[in-house]
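Peer 1: Following is a predicted model, sequence given first.
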Amino acid sequence: MKQSTYGDGTLYQRKDGRWEYKVKIGEKLNGDPDYKSFYSRDKTGRKAKEQYRAWLQEKEAQKIETVQTVERWATTWLEDYRKGKGSAGNYKNYEIYVNKHILPHIGKLYMGDVRQVHIERLFTAEKDLSNSALNYIKICLRGIFKSGKKNHLCLDDPTEDVTPPWHDKKLPEYYTKTEVSIIKQYAATDPDGFLALGLLYSGCRISELCALTWSDYNDGVLHVCKAATRSDEEGMKYSIADTTKSKKPRDVVLNPEGQAFFDDLPHGSLYIFSSSKSFLSPDLYRRRYYRFLDRINTPSENATEAQCKKYPLVRKLSPHKCRHTYGTLLLNSCHNIRTVQDQLGHARISTTEIYTHTDLTSRRADVRKLKY
């Protein structure tokens, strides 16, 4: 095999007669050199070199401009740095927070002109968002400007040393025992009521319930090891992932009432909560759950004025609040935080501790037990 050094690379004649012009074009993420090869079947390998020069000209034409607005670079960051690099659901969230909460404030500024004060003002304007939303904004901003700095679009990262206006953690919102009784009463005759009961009896996330198959259920125990996750960046399709949010499988032990509920569910599909013989998507599960609550809170046409004043009968809490309800009422019943942690699948006990709150009525009852 003939070999000679030419310009930026090395020219080889391969055993199959082709010429290969191999050029170092950069470094890989692990630090190893990154090579690209160009091939030709002429007598001298000249055409392989010409392919390399054409490739260089094309790359130069596509070269990132040194002056770009935040809006333009944010689009590049989403497309080249985030798309396909994680879950489709996360990408969808990044896209939402960039377009709705970052670009309206600094999108028209050039990357090199953004200062810390602009980031501070952005967070001040968005201070009413939840801690989770503020954290997404922080992640997006750091990604945009960190990558921008590496691509020489800005000298400094203006997001450094800027902290979002975090809120104090709120106590978890949950259904009262009275509301749970009303939900159970109406669920007995409502076509969508079983979806609310599935959440309340198991304490599972919607994504976990949607992925449950009948083989995951045995004698009052749910083996939670999968989750329904978004499978495309548009956020419209779902697939079953072989892991849960906590990345660890767990067994959820049902109480006798919960076991009776799951035992009585129809076995018409592979999945416990199914739709057209496939799994029920979290979006459809959520919509049917809310429709059920709307029906609970709609008085009948024959209801008297006095009866109408009692509505709504239950608060319209999110499906995730059913998980909060389960955790709170379970802890109040068993007083064992480790049991609650294992049932809910929390990786850290500090997460479970949000359910250790007590209301004034419970505190009064407990304090009365104090004797000197």
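Peer 2: Looks like it came in fine. Residues are numbered from 1 along each chain as shown.
Peer 1: Low-confidence stretches in the chain?
Peer 2: Filtered on pLDDT under 70, the chain yields the residue ranges 1-7, 28-30, 59-66, 232-236, 358-366.
Peer 1: Surely residue 241 and residue 229 touch.
Peer 2: Yes. If you go by Cβ atoms under 8 Å, residue 241 and residue 229 touch, sitting 4.6 Å apart. Every C-beta, even on glycine, is put in place using the N, C-alpha and C of the backbone.
Peer 1: Comparing those two, which residue is more hemmed in?
Peer 2: residue 229 (20 against 16; other Cβ atoms under 10 Å).
Peer 1: give me every residue that touches that one.
Peer 2: Contacts were defined as Cβ atoms under 8 Å, 6 or more residues apart in numbering; by that measure residue 229 touches 87, 88, 89, 207, 238, 239, 240, 241.
Peer 1: try 10 Å
Peer 2: 87-90, 207, 210-211, 238-241, 243-245, 282 (Cβ atoms under 10 Å, 6 or more residues apart in numbering).
Peer 1: can you pull up the bridge partners for the closest residue to residue 108 other than its chain neighbours?
Peer 2: Setting aside the residues directly before and after it, residue 108 is nearest to residue 69 in space (Cβ to Cβ, 6 or more residues apart in numbering), at 6.1 Å. As for beta bridges, residue 69 partners with residue 110 under DSSP bridges.
Peer 1: is it true that residue 69 touches residue 113?
Peer 2: Yes. The criterion here is Cβ atoms under 10 Å, and residue 69 meets it with residue 113 at 9.3 Å.
Peer 1: Report the set of residues contacting both of the two.
Peer 2: residue 106.
Peer 1: More neighbours: the two, which one.
Peer 2: Between residue 69 and residue 113, counting by other Cβ under 10 Å, residue 69 is the more crowded of the two (19 against 14).
Peer 1: May I see the buried residues of the lengthiest helix in the chain?
Peer 2: Longest among the helix segments of the chain by residue count, using DSSP state H, is helix 131-150. Neighbour-count burial for helix 131-150 flags 133-134, 136-138, 140-141, 143-149 (criterion: 16 or more other Cβ atoms under 10 Å).
Peer 1: ok, back up a step: when you check the contacts of residue 229 against the strands, which ones overlap?
Peer 2: When DSSP state E is applied, these are split such that 238, 239, 240, 241 fall in strands.
Peer 1: wait, isn't the first one in contact with residue 271?
Peer 2: When you say that, I think you mean residue 238. No. When contacts are counted by Cβ under 10 Å, residue 238 is not listed as touching residue 271 (11.9 Å).
Peer 1: Give me the more crowded residue out of those two.
Peer 2: residue 238 (24 against 20).
Peer 1: so who does residue 143 touch?
Peer 2: Contacts of residue 143 by Cβ under 10 Å, 6+ apart are 74, 77, 78, 81, 82, 94, 98, 159.
Peer 1: go on, residue 260?
Peer 2: For residue 260, the contact set (Cβ under 10 Å, 6+ apart) comprises 201, 220, 254.
Peer 1: before we move on, the earlier item: any common contacting residues for residue 241 and residue 229?
Peer 2: 87, 207, 211.
Peer 1: Next, the residue of the chain lying at maximal distance from its centre: secondary structure please.
Peer 2: Largest separation from the mean C-alpha position in the chain: residue 43, at 56.1 Å (Cα atoms, centre = their mean). Under DSSP: H, G, I helix; E, B strand; the rest coil, the three-state class of residue 43 is coil.
Peer 1: Can you give me every residue that contacts it?
Peer 2: 13, 19.
Peer 1: if I look at it, how far off is residue 17?
Peer 2: To residue 17, residue 43 is 10 Å away according to Cβ to Cβ, to the nearest Å.
Peer 1: what about residue 265, neighbour count?
Peer 2: With other Cβ under 10 Å as criterion, residue 265 counts 15.
Peer 1: nearest residue to it other than its sequence neighbours?
Peer 2: Looking at residue 265 with Cβ to Cβ, 6+ apart, the closest residue is residue 272, at 6.3 Å.
Peer 1: give me the number of residues near the nearest residue to residue 112 once chain neighbours are set aside?
Peer 2: Nearest residue to residue 112 in three dimensions, chain neighbours excluded: residue 154, at 4.7 Å (Cβ to Cβ, 6+ apart). Neighbourhood size, residue 154 [other Cβ under 10 Å]: 21.
Peer 1: Which members of the contacts of residue 229 occur in helices, if any?
Peer 2: Filtering those for helices - DSSP H - leaves 88, 89, 90, 207, 210, 211, 282.
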